[in-house]
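Visitor: Provided below for reference: sequence and predicted model.
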Amino acid sequence: QVPFQPSLYDQSLETRKKLQMNTVLSTPVLARVAAASAGQRAKFTAPIATRPALSSVHASFSGVRLNNSVQSVAAKGRRALSVRADLLEELMKAMTGQVSIPTKEECLPGNKHPLRVTNKHYITGNPIQGPFPDNLKVAIFGTGCFWGTEKGFWRMPGVYSTAVGYCGGYTENATYEQVCSGRTYHNEVVQVVYDPAKITYADLLKMFWAQHDPTQGMGQGNDRGTQYRSGIYYFDDEQKALAEASKDGFQKKISAKGFSDITTEIIPAPEFYYAEDYHQQYLAKPGARPYCSAQPTGIPLGSDWIPEDMAEKYAPKIPEGFWTEKGPRPGCTINGPNEQFVL
């Protein structure tokens, strides 16, 4: 196995994540940021006094991941905040939980070449890039930050390999920095390659709904932005029918518990662009920081939603006891070992 060496950007991202629950931006800082002139790159450095948290300006650094031009570092008792002035409006929206949806014309231009990845899954040892063996099938899901999403799926028995990437937007061969700018409309997603003789699409849908709260719109937990939306991307009519039936079934169950309407998008699978190599199976690699912003509802999907004419073919192969003992828990989806479950 190749030693994991996160990029400098990844390291700075992890620093922000470690600080995410304890960072409050004071009003004076916001005033200095707002003073930036358009088209200029402004840097503001000043001590930040300890003040009570103000709901209007409180922002976790995982939320500010919406704009990768925003970086925070603690040094010599001072914090430096660097902001690209032309993305100032996006920063302010991120801080207040607002998210704008860019049009195709507003999105960044694409890149000529796809990102290079190691074509070997860090856990299963199988290829993460096709073509795959004929007996295997592919599914794509988005449940927020793709690190935890991927781990949930690669641990399922019958999964051949997983890969994280971007889809659903307009920018060809997008990079992580471009996606975090909010100007690609891509979603952070996971490609799941599985053996239908060992695990069914209905099993995968159970993991999908169990991993997150699908009522949160353009975000999940602390992570806000179009790249953190809930999504199912189907490859055929049967996947579409099962996805829609599971959504209807899950809506009834969570509505009974007081949850609002599901915002999950269910659309034909668009082009899948592999994310950077360091993102692939990130949580299994040495030096990774265990981060999870998913907020599972704790409400099981069950199996009573499967259409009668599909019940035999897509009957779940993973027993219900698996979900009780090893399924995602409210608060975090990444606890537990990296190895696949053995039934």
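Guide: Noted; the coordinates are in hand.
Visitor: Only C-alpha atoms from now on, for both contacts and neighbour counts.
Guide: Noted.
Visitor: Helices of the stretch 101-250 of the chain, start to end?
Guide: Secondary structure of the stretch 101-250 of the chain by DSSP state H, counting those that start in this stretch: the helices cover 146-154, 176-180, 201-211, 237-255.
Visitor: Just say which of those helices is most tucked in.
Guide: helix 146-154 (a mean of 25; mean count of other C-alpha atoms under 10 Å).
Visitor: quick one: stretch 114-122 to chain centroid distance?
Guide: Remark: stretch 114-122 is offset 18 Å from the chain centroid, using C-alpha atoms, centre = their mean, to the nearest Å.
Visitor: Go through that stretch and flag the buried ones.
Guide: Neighbour-count burial for stretch 114-122, counted by 16 or more other C-alpha atoms under 10 Å, picks out 117, 120-122.
Visitor: Serialize those residues to TSV and add fields for pLDDT.
Guide: What follows is these, written out as TSV (pLDDT from 0 to 100):
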residue	pLDDT
Val117	98
Lys120	98
His121	98
Tyr122	98
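Visitor: quick one on the thing from earlier: can you tell me which of the helices of the stretch 101-250 of the chain is nearest to Glu312?
Guide: Nearest to Glu312 among those is helix 201-211 (11.2 Å), distances taken as C-alpha to C-alpha.
Visitor: And the contacts of stretch 256-269?
Guide: 140, 214-217, 229-236, 240, 243-244, 247, 251, 254-255 (C-alpha atoms under 8 Å, 6 or more residues apart in numbering).
Visitor: One more pass at 10 Å, please.
Guide: Stretch 256-269 has contacts (C-alpha atoms under 10 Å, 6 or more residues apart in numbering) with 139-143, 167-168, 209, 213-218, 229-237, 239-240, 243-244, 247-248, 250-255, 297, 299.
Visitor: distance between the ends of it?
Guide: 31 Å (C-alpha to C-alpha, to the nearest Å).
Visitor: Among the buried residues of stretch 114-122, list the two that are farthest apart in space.
Guide: Using C-alpha to C-alpha, the pair of the buried residues of stretch 114-122 lying farthest apart is Val117 and Tyr122, separated by 11.5 Å.
Visitor: list the residues that contact both of the two?
Guide: Common neighbours of Val117 and Tyr122 are listed as 128, 280 (criterion: C-alpha under 10 Å, 6+ apart).
Visitor: between the helices of the stretch 101-250 of the chain, which one is nearest to Ala288?
Guide: Nearest to Ala288 among the helices of the stretch 101-250 of the chain is helix 146-154 (10.2 Å), distances taken as C-alpha to C-alpha.
Visitor: The closest one - what's its average pLDDT?
Guide: Helix 146-154 shows a mean pLDDT of 96.
Visitor: Which neighbouring elements make contact with that helix?
Guide: Counting by 3 or more C-alpha pairs under 10 Å, 6 or more residues apart in numbering; DSSP states H and E, the packing neighbours recorded for helix 146-154 are strand 137-143, strand 159-167, strand 187-194, helix 201-211.
Visitor: could these be laid out in a markdown table, adding mean pLDDT and distance to Ile318?
Guide: As requested, the helices and strands packed on helix 146-154 are exported to a markdown table (pLDDT from 0 to 100; distance: least, C-alpha to C-alpha, whole Å):
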| stretch | mean pLDDT | distance to Ile318 |
| --- | --- | --- |
| strand 137-143 | 98 | 17 |
| strand 159-167 | 98 | 12 |
| strand 187-194 | 98 | 13 |
| helix 201-211 | 97 | 7 |
